[in-house]
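>>> Predicted structure and sequence below. I'll ask about it afterward.
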Amino acid sequence: MRLDPSPDRLLPADPSTRAIARTLYEIVRAAPILSPHGHVEASLLRDDLAFTDPADLLIVPDHYVLRLLHAHGIGLDDLGRGPKAVAPREIWRLFAAHWHVFAGTPVRAWFEDTLHSVIGLDEHPSAANADQQFDQITAWIADATSRPRALFDRFGIEVLATTDDPTAPLDAHAALRDDPTFAGRVLPTFRPDRFFDPSAAGWPAALDELHAASGMDTGTASGLIAALENRRAHFRSLGATATDTGVVDAWATRLPAADLERIHRAGLAGSATADDATAYRRHMLWEMARMSSEDGLVMQLHPGVLRGHHRPTLERFGPDTGHDLPLLTSYTEPLRELLGDFGTNDTFRMVLFTVDETSFTREIAPLAGFYPSVFAGAPWWFLDSPDGIRRFREGVTDSAGFYKTSGFIDDTRAYLSIPARHDVSRRMDAGWLATLVVTGRLAEEEAHTIARDLVDGIPRGVFRL
């Protein structure tokens, strides 16, 4: 099968609507990419080394790919995620032989664009052409124009946010900031989640790491909070504009200081209970909002994921191996105390993400439609498909409009897929705007303005870029 994506892919089928969508898409097709939430390492761009091999570049680090191959009976140890030595060519052969399992998925859409538009392949992967394509990609990797910095420019990336632990020194960010040969902006994002669970086995050691990074005593809850504030300031000094928090639920409620310190001591002694841990985590989420209301870092919140659903896989292969799964998620009541305290604070800003799309219409859009501080985050993980993006617009626009949404976020470790992911969003939004035009709900001239704002003004403003 020829690999030649249609120029009209994902645009509406109705000819009159498609014509308007084409015009809207052309307005934003080549607009600079603002990526305010992702997981590419800053060191990739600092070091600017050639990628290792096709499997390590496109398959091994991408849990979107791993999870569906695993669902079809391919062991993670055969995909390069365990101690077993597997030749990269064998991993690519497995992927190519199972190309058909990705039909209809967003992974397929991203891969088709990446393989064709970035690498230059002209056939769909298959068992028959796996070796030939592996060699073609290997040759592409060896070319100097395929280095990370060259691709940063080719992709039109203006801003790329990473995700970083509070203890990270951020040396790569500092190096990129000070490098006169690099014009892009690579911003750290503060991710403090591992300090929220005093019942976790590694929590005392994490506190020691934070003490070493901040120079502040973390033996008390108040000391931990002060150390996190210290590290947030360091992140801000290197360009950070946001934090990122992924917790199992959105509850954020304060604890009395005495109870907070009691649980902290129990955590250090290894005796914190599950109820203690829940109360502590919910207080720390409130603290993150309090800090954002003071220092201006945009608070991204994405609750509702059960991490490491399959414990044997987690223990053998570690996290980010495809079995973090969605939960039903509520926001309205869980965030009531937090928003009562900070929801109308001029400095505070919160972007709410979800993997439970029923909450877009039921809770997130209504919250964004009242609170000046709240914005509806783009469809993310399990929902960042073309149909998920369309349902997001249908579900959120009635209550929140366009200007209380976040702009697209790609949330990816797969560097080469960044332009493809943004392109899918731009095409789907062009189609939705065109639908509003042909049904008389929006003037075409205003749709042109909104299309531009969705890829530039909105994310730039929401994330304070």
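Nice, thanks for sending it over.

>>> show me where the stretch 1-150 of the chain has helices.
15-28, 42-47, 54-58, 63-71, 88-97, 106-113, 130-142, 148-154 (DSSP state H, counting those that start in this stretch).

>>> Give the partner strands of the helix or strand following the last one in its sheet and their orientations.
It stands for helix 148-154. For helix 148-154, the following helix or strand on the C-terminal side (DSSP states H and E) is strand 157-161. Here strand 157-161 has these sheet partners by DSSP bridges: strand 33-35 (parallel), strand 185-187 (parallel).

>>> quick one: contacts of the last one?
Applying CB atoms under 8 Å, 6 or more residues apart in numbering, the set of residues contacting strand 185-187 from outside is 36, 42, 45, 158-162, 172-173, 176-177, 238-242, 465. C-beta here means a position set from N, CA and C on the backbone, and glycine is covered the same way.

>>> now swap in the first one and tell me
Applying CB under 8 Å, 6+ apart, the contact partners of strand 33-35 are 155-161, 407, 409-410, 418-419, 422, 455-456, 459-460, 463, 465.

>>> ok, of those, which come out buried?
155, 157-161, 407, 409-410, 418-419, 422, 455-456, 459-460, 463, 465 (16 or more other CB atoms under 10 Å).

>>> Just give me the neighbour total for the closest residue to F463 other than its chain neighbours.
Leaving aside its sequence neighbours, F463 sits nearest to P36 (CB to CB, 6 or more residues apart in numbering; 4.0 Å). Neighbourhood size, P36 [other CB atoms under 10 Å]: 26.

>>> and P36, backbone torsions?
phi -90, psi 0 (degrees, to the nearest 10).

>>> same deal with F190?
According to degrees, to the nearest 10, F190 has phi -80, psi 120.

>>> and the helices of the stretch 1-150 of the chain as TSV, adding mean pLDDT?
Below are the helices of the stretch 1-150 of the chain laid out as TSV (pLDDT from 0 to 100):
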stretch	mean pLDDT
helix 15-28	98
helix 42-47	98
helix 54-58	97
helix 63-71	95
helix 88-97	98
helix 106-113	96
helix 130-142	98
helix 148-154	98
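
>>> want to try JSON lines for those helices, with distance to A221 and mean neighbour count as columns?
Conversion of the helices of the stretch 1-150 of the chain to JSON lines gives the following (distance: least, CB to CB, whole Å; neighbours: other CB atoms under 10 Å):
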{"stretch": "helix 15-28", "distance to A221": "47", "mean neighbour count": "18"}
{"stretch": "helix 42-47", "distance to A221": "31", "mean neighbour count": "20"}
{"stretch": "helix 54-58", "distance to A221": "41", "mean neighbour count": "21"}
{"stretch": "helix 63-71", "distance to A221": "33", "mean neighbour count": "19"}
{"stretch": "helix 88-97", "distance to A221": "45", "mean neighbour count": "20"}
{"stretch": "helix 106-113", "distance to A221": "41", "mean neighbour count": "21"}
{"stretch": "helix 130-142", "distance to A221": "48", "mean neighbour count": "17"}
{"stretch": "helix 148-154", "distance to A221": "40", "mean neighbour count": "17"}
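
>>> To M291, which of the ones you listed lies closest?
helix 42-47 (22.8 Å; CB to CB).

>>> Outside of that closest one itself, list whatever touches it.
So helix 42-47 is in contact with 148-149, 152, 160, 162, 170, 172-173, 175-176, 179, 182, 184, 186, 188, 415, going by CB under 8 Å, 6+ apart.

>>> in the stretch 151-300 of the chain, which spans are strands?
Applying DSSP state E, counting those that start in this stretch to the stretch 151-300 of the chain gives strands spanning 157-161, 185-187, 242-245, 298-301.

>>> need those strands in TSV with mean pLDDT, can you?
Output for the strands of the stretch 151-300 of the chain, formatted as TSV (pLDDT from 0 to 100):
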stretch	mean pLDDT
strand 157-161	98
strand 185-187	98
strand 242-245	98
strand 298-301	98
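
>>> Can I get the ones you listed in a markdown table including distance to I137?
As requested, the strands of the stretch 151-300 of the chain are arranged in a markdown table below (distance: least, CB to CB, whole Å):
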| stretch | distance to I137 |
| --- | --- |
| strand 157-161 | 21 |
| strand 185-187 | 25 |
| strand 242-245 | 31 |
| strand 298-301 | 33 |
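
>>> closest one to T273 among those?
Across the strands of the stretch 151-300 of the chain, closest to T273 is strand 242-245 (CB to CB), at 22.4 Å.

>>> Next, the buried residues of that closest one.
For strand 242-245, by 16+ other CB under 10 Å, it's A242, T243, D244, T245.

>>> Check stretch 345-354 too.
N345, F348, R349, M350, V351, L352, F353, T354.

>>> my guess is the second one meets D341, correct?
Read it as F348. No: the pair F348 / D341 is not scored as a contact, 9.0 Å apart, by CB atoms under 8 Å.

>>> Residues that sit against both of the two, list them.
Contacts common to F348 and D341, judged by CB under 8 Å, 6+ apart, are A289, S293.

>>> For the helix or strand hosting P312, output the C-alpha coordinates as PDB.
Using DSSP H and E, P312 sits within helix 311-317. Output in PDB follows, covering the C-alpha atoms of helix 311-317 (Å, rounded to 0.1, in the frame of the first residue of the first chain):
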ATOM      1  CA  ARG A 311       1.500  -4.900  38.900                       C
ATOM      2  CA  PRO A 312       3.600  -7.800  37.400                       C
ATOM      3  CA  THR A 313       4.300  -5.600  34.400                       C
ATOM      4  CA  LEU A 314       5.100  -2.600  36.600                       C
ATOM      5  CA  GLU A 315       7.500  -4.600  38.700                       C
ATOM      6  CA  ARG A 316       9.200  -6.200  35.700                       C
ATOM      7  CA  PHE A 317       9.300  -3.300  33.200                       C
END
